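Q: Prediction below, plus the sequence it came from.
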Amino acid sequence: MQEGRSVPEKMKAVVCYGPKDYRLEEVSVPKAGPQEVVIRVEACGICAGDIKAYDGAAMFWGGGVNPPYVKAPVIPGHEFIGEVVELGPGAREKYGLEIGDRAISEQIVPCWQCRYCLSGKYWMCEVHNIYGFQRIVADGAMAEYMRFPKGAINHKVPNPDKPEPKSES
């Protein structure tokens with residue numbers, strides 16, 4: 001059973017269709033499945049990779065023998081923070097998150113099956129899914145809401161507006 005705050009059915013998002021073809025659209029708000037988290041995006045950064053993808057760099061769109069890395073259409077944005085608004089079954093226990101927490105997710109969503117993931121070097125994952133480049137796994141944060149898929153590495157972030165209770169020593 002999913003739990004969380006009431007969220008709308010639709011949201012605004014930037015959708016990438018190809019180099020220099022980014023459109024502001026209304027799309028469905030993602031839903032949290034088992035061990036998944038949905039956040040209301042508070043902020044999304046733009047890095048050099050985003051600019052290179054927008055400009056059509058071959059490393060993102062393919063060229064020569066390289067296949068395209070970007071699987072359009074996709075919502076870009078892999079540097080973000082937001083408020084947890086929905087937890088899928090098992091997500092609270094797996095990630096230690098609660099509704100209302102601020103959270104981030106590491107930009108790589110590991111496959112947990114390749115030789116690197118199995119040896120603990122998930123950052124070198126052979127599949128190397130990154131938020132905002134492959135929609136099937138993980139749309140990015142240039143939207144009002146986004147989903148952290150099962151297998152993502154998520155972290156609670158201290159909220160300066162809600163100080164953590166001090167423990168008595």
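A: Okay, I see it. Numbering: from 1, shown residues only.
Q: which residue ranges form the strands in this protein?
A: Under the criterion DSSP state E, the chain contains strands at 3-4, 10-18, 21-28, 37-44, 80-87, 102-105, 108-109, 129-130, 145-148, 154-157.
Q: worst average pLDDT in those?
A: Note on the strands of the chain: lowest mean pLDDT is at strand 3-4, with a mean of 52.
Q: hmm, back to that, so which of the strands of the chain is the most surrounded?
A: strand 145-148 (a mean of 25; mean count of other Cβ atoms under 10 Å). Just so you know, the C-beta spots here come from the backbone N, C-alpha and C atoms, and that holds for glycine as well.
Q: what are the C-alpha coordinates of it, in PDB please?
A: Presented in PDB, the C-alpha positions along strand 145-148 are these (Å, rounded to 0.1, in the frame of the first residue of the first chain):
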ATOM      1  CA  TYR A 145       7.600  15.800  -8.900                       C
ATOM      2  CA  MET A 146      10.000  12.900  -9.600                       C
ATOM      3  CA  ARG A 147      10.300   9.200  -8.700                       C
ATOM      4  CA  PHE A 148      13.300   7.500  -7.100                       C
END
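Q: Appreciated, that's everything.
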